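Visitor: Structural data only, the sequence is not supplied:
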């Protein structure tokens with residue numbers, strides 16, 4: 001299973017971006033997906049996750065109300081919709097897949113995620 005993030009870029013404060021996490025090699029249908037980010041000089045931070053069924057999502061306090069996660073099974077893709085971006089959201093954003101969870105469960109502990117994408121840079125600056 002290979003994951004590829006896309007949709008990153010430069011955006012002004014208050015702007016929006018939609019990040020995509022597309023899989024190849026296997027279907028994502030049975031994987032919970034997490035989104036993470038890592039800013040320069042900081043540890044990787046869990047942001048959001050969605051269960052394999054799509055019926056459960058969760059968000060870190062730092063992004064709750066501004067980011068939303070969704071998945072499109074027909075496109076084998078999971079999205080992270082980011083809004084009201086702030087300069088402190090600048091980071092490399094990663095998606096990861098975990099197969100070993102029940103259909104209505106997800107998490108953003110790095111432990112347990114079997115596959116990771118290469119990351120997409122998001123820069124929030126005026």
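Guide: Nice, thanks for sending it over. Computed from a prediction, not measured in an experiment: that's the story for all the values here. Numbers count the residues shown, from 1 in each chain.
Visitor: Look up phi and psi at residue 74.
Guide: For residue 74, the backbone dihedrals (degrees, to the nearest 10) come out as phi -70, psi -30.
Visitor: quick one, what contacts the residue minimising distance to the centre of the chain?
Guide: Centroid-nearest residue in the chain, with Cα atoms, centre = their mean: residue 35, separated by 2.5 Å. Residue 35 makes contact with 19, 21, 46-49, 67, 69, 78, 80, 93-96, 108, according to Cβ atoms under 8 Å, 6 or more residues apart in numbering. Yep, even glycine has a C-beta here, placed from its N, CA and C like the rest.
Visitor: Return the set of buried residues in the strand or helix carrying it.
Guide: Per DSSP states H and E, residue 35 falls inside strand 32-38. Neighbour counts over strand 32-38 (16 or more other Cβ atoms under 10 Å) mark 32-37 as buried.
Visitor: which stretches of this structure have low pLDDT?
Guide: Judged against pLDDT under 70, the chain has no low-scoring part.
Visitor: before we move on, back to that, distance between the strand holding residue 35 and the chain's centre?
Guide: Counting by Cα atoms, centre = their mean, to the nearest Å, strand 32-38 is centred 4 Å from the centre of its parent chain.
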